[in-house]
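Trainee: Can you look at this prediction? I've put the sequence above it.
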There are 2 protein chains.
Amino acid sequence: MEEVYVIGIGMTPFGKHPDKTAADLGAEAVGLALADAGVGRQDIEAAWVGHVFQGMAMGQRALYAAGLSGIPIDNVENACSSGSTAIWDAAMALRAGAYDLVLALGVEHLTSLFRGAFAPDASDVEAQIGITMPGIYAMRAQRYMLQYGVVPEQIAQITVKNKKNAAMNPLSHFKKAVTLEEVMQGRLIADPLRLHECAPVSDGAAAVVLASKAKRNQLGGSRAVKLAATALMSGRIESGLADMTVEDLTWRTAQAAYKQSGVGPGDIDFAEVHDCFSIAEALRVEGMGLFPHGEYVARVGKGEADIGGSFPVNASGGLLGKGHPLGATGVAQVVELVKQLRGDAGERQIQNAKVGVAHCRGGKAQGVEGTACTVNILVA
Amino acid sequence: MEEVYVIGIGMTPFGKHPDKTAADLGAEAVGLALADAGVGRQDIEAAWVGHVFQGMAMGQRALYAAGLSGIPIDNVENACSSGSTAIWDAAMALRAGAYDLVLALGVEHLTSLFRGAFAPDASDVEAQIGITMPGIYAMRAQRYMLQYGVVPEQIAQITVKNKKNAAMNPLSHFKKAVTLEEVMQGRLIADPLRLHECAPVSDGAAAVVLASKAKRNQLGGSRAVKLAATALMSGRIESGLADMTVEDLTWRTAQAAYKQSGVGPGDIDFAEVHDCFSIAEALRVEGMGLFPHGEYVARVGKGEADIGGSFPVNASGGLLGKGHPLGATGVAQVVELVKQLRGDAGERQIQNAKVGVAHCRGGKAQGVEGTACTVNILVA
């Protein structure tokens, strides 16, 4: 298959944008990505746009606002993996040889739709009995604590780390580090998870320009980063009752990405993962085989996942710190990987970053392990 | 690029399904398509699902209900072209060599969401001043009448033809032919368009199994039909004020499909086009260069677009007769093309059908000609 490169990245600040629409945010990210790639609006041959709650033709609205029109535009949705699914589709089109230069955009304006937590549908039986997202992850945290002998304070350290990183990211929703005491004094959302351990409701957009090898070479491309693998998987019906601390979906998606790229867990230097809740970060990195099962939480306490540690996780601040505008999240993770691999991450730069992985997953479904998961591997 | 074949088709009856969910309908269409292809659930490697209004993870809900899980599943939305965009993405993945056997599903349950016409959003300025879909197509009909000297009765003949065809399609929403008098006595929706000239609000689903050439050969594939081209385009900002009787978006999309397949308008035997309103059928076939501009309506009166005519259009009944469950429509058109090309269309069979084209477009956008358009060309 044709090789795929990320040759341009763009991202709006994540946070509350009461004065902007989703189309405004999308257009802003697209403009930044085109400028970063050094290409014009007329050079883009097709675009995929990931979002969850923005309604019909979101992609067209954002791209028309950015001055791009008359090309194939596709809107894709896969819960929290919507943005990374847009990258997956866009890469497929390059691999098919259908195009040489395409765009993937993720965008979401959530604060105009939700206040505080997501309001469950009154007809949602699972929500009525408390099986909301915080409820599910709280149960998983309880099981993790029981099974691996850790305490809530250790899990909370994941939030402390990520918010410290977010404070070094000028595009973060939260720009203030928090102490362990502050996390533990936070409101209990679903035992043992407290307020700071739950990703916020954010607005934002992120975009990447993807190119074939020929186009990358033609454009110069000294700052291009190779998209060595992009994998998408859905949940398995049979996994609904599996061990809650083991992510089969994450494991299967990572295996597909490892196979596609020839890169194994031991070759990877750092990760951006879907920390929608503090405990989720542990489930992700262990699910991908980056840490042994049951060890991650304890290792965070030793600083191993810090930016200066042996395997930095969520140097961007993650969803907990950088924010979580659903559709934008998967693309923003890839934006962070590119920044790190280029050496452009400023004070949160990871030293000797050569291979990075981005993990995104989302959704729940009755009796099934989840909606979708993506794993992208980028190589400098 | 890798060749792509349709090796299985499935479609639910279109109409009102108060006792079924969208997932039920989707699962039913998937089951029929798999059975038709002679493959099992476990053989499908990835799936794309087109819908507009069915909410998060519709594809997963339908496919899990059909017993398919653990594979890449992607939800795509492009207004009325959502289903055909799913085919476009699925074909891209086969062309990339990523998979050999994939599924595209279109599904929509509209009667649970809308009663009668689509209710415009109160904040929609265009709807407030009357620029709704019926309003737009009525203006286009008025312009067409003025420019090409036809009268409302001639345009209404398109509905008479399509409902006659629908009456021969056991999966149609409407199974009763109407006379010209009945159409002209119908309630005036937006002058000159009357009730029977507007596509109904329908529920339904349609699915196709797509295969690479190698997989088609491996499976036998005597009933396989080649997807010679699949093209997607969005509107152009600059076209907003163009001649309302000329469809630049349809023209550009058709040109892309002709180029991709090497098939020109003169090679095509019949068409399924997006007749959301009677006049729309004329705009589509003329936009694709299948009839000269301004001539189609008069030629319908001569029977040229009838099933027994020189160039049959909407033998399935079209959106006007078969129904219009938005996300399902683009896939259902391809299902009809396959039936005709296999010689399986029963009493509405077109003689000597070798090359067929399906056209689908949807959406409007302020100052822009539309959201998305797809053109698929199938060859027996």
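Mentor: Noted; the coordinates are in hand. Numbering: from 1, shown residues only, chains lettered A, B, ... in the order given.
Trainee: can you give me the strands for chain A?
Mentor: Taking DSSP state E to define them, one finds strands in chain A at A:4-11, A:46-50, A:73-77, A:101-109, A:188-190, A:193-194, A:203-212, A:225-233, A:270-272, A:355-362, A:372-379.
Trainee: any low-confidence regions in the stretch 1-150 of chain A?
Mentor: Within the stretch 1-150 of chain A, the stretches with pLDDT under 70 are A:1, A:115-128.
Trainee: Which residues of it lie near chain B?
Mentor: Residues of the stretch 1-150 of chain A lying near chain B by Cβ under 8 Å from any Cβ of the partner chain: A:1-2, A:46, A:52-53, A:56-57, A:60-61, A:63-64, A:67, A:69-79, A:85, A:88-89, A:92-93, A:95-98. The way it works is simple: take the backbone N, C-alpha and C, and place the C-beta from them, glycine included.
Trainee: thinking again about what came up before, tabulate the strands of chain A (a markdown table), appending distance to B:Lys259.
Mentor: Output for those, formatted as a markdown table (distance: least, Cβ to Cβ, whole Å):
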| stretch | distance to B:Lys259 |
| --- | --- |
| strand A:4-11 | 24 |
| strand A:46-50 | 15 |
| strand A:73-77 | 19 |
| strand A:101-109 | 18 |
| strand A:188-190 | 55 |
| strand A:193-194 | 55 |
| strand A:203-212 | 19 |
| strand A:225-233 | 28 |
| strand A:270-272 | 40 |
| strand A:355-362 | 36 |
| strand A:372-379 | 32 |
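Trainee: A:Thr215 contacts A:Gly97, correct?
Mentor: Quick fix: residue A:215 is Lys, not Thr. No: taking contacts as Cβ atoms under 8 Å, A:Lys215 lies outside contact range of A:Gly97: 11.5 Å.
Trainee: Please identify which of the two sits among more neighbours.
Mentor: A:Lys215 (22 against 17; other Cβ atoms under 10 Å in any protein chain shown).
Trainee: quick one: that one from B:Pro312, how far?
Mentor: 42 Å (Cβ to Cβ, to the nearest Å).
Trainee: Nearest the geometric middle of chain A, what residue?
Mentor: A:Gly330 (3.5 Å; Cα atoms, centre = their mean).
Trainee: dump the residue contacts of it.
Mentor: Shown in contact with A:Gly330 (Cβ atoms under 8 Å, 6 or more residues apart in numbering or on different chains): A:50, A:80-87, A:106, A:358, A:360, A:374.
Trainee: Now for A:Lys215 and A:Gly97: what residues contact both?
Mentor: Joint contacts of A:Lys215 and A:Gly97 (Cβ under 8 Å, 6+ apart) do not exist.
Trainee: Could you pull out the buried residues of stretch A:350-367?
Mentor: By 16 or more other Cβ atoms under 10 Å in any protein chain shown, the buried positions in stretch A:350-367 come out as A:350, A:353, A:355-365.
Trainee: now stretch A:36-49: how far from the chain's centre is it?
Mentor: What separates the centre of stretch A:36-49 from the centre of its chain is 22 Å, taken as Cα atoms, centre = their mean, to the nearest Å.
Trainee: Then stretch A:22-37?
Mentor: Centroid separation for stretch A:22-37 versus its chain: 18 Å, with Cα atoms, centre = their mean.
Trainee: Next: stretch A:135-145.
Mentor: 21 Å.
Trainee: can I get the CA coordinates of it in PDB?
Mentor: Taking C-alpha atoms only, stretch A:135-145 is exported to PDB below (Å, rounded to 0.1, in the frame of the first residue of the first chain):
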ATOM      1  CA  GLY A 135     -20.400   4.800  36.400                       C
ATOM      2  CA  ILE A 136     -18.700   2.400  34.100                       C
ATOM      3  CA  TYR A 137     -15.200   3.800  34.600                       C
ATOM      4  CA  ALA A 138     -15.700   3.900  38.400                       C
ATOM      5  CA  MET A 139     -16.600   0.200  38.400                       C
ATOM      6  CA  ARG A 140     -13.500  -0.500  36.300                       C
ATOM      7  CA  ALA A 141     -11.400   1.600  38.800                       C
ATOM      8  CA  GLN A 142     -12.900  -0.400  41.700                       C
ATOM      9  CA  ARG A 143     -12.000  -3.600  40.000                       C
ATOM     10  CA  TYR A 144      -8.500  -2.400  39.200                       C
ATOM     11  CA  MET A 145      -7.900  -1.400  42.800                       C
END
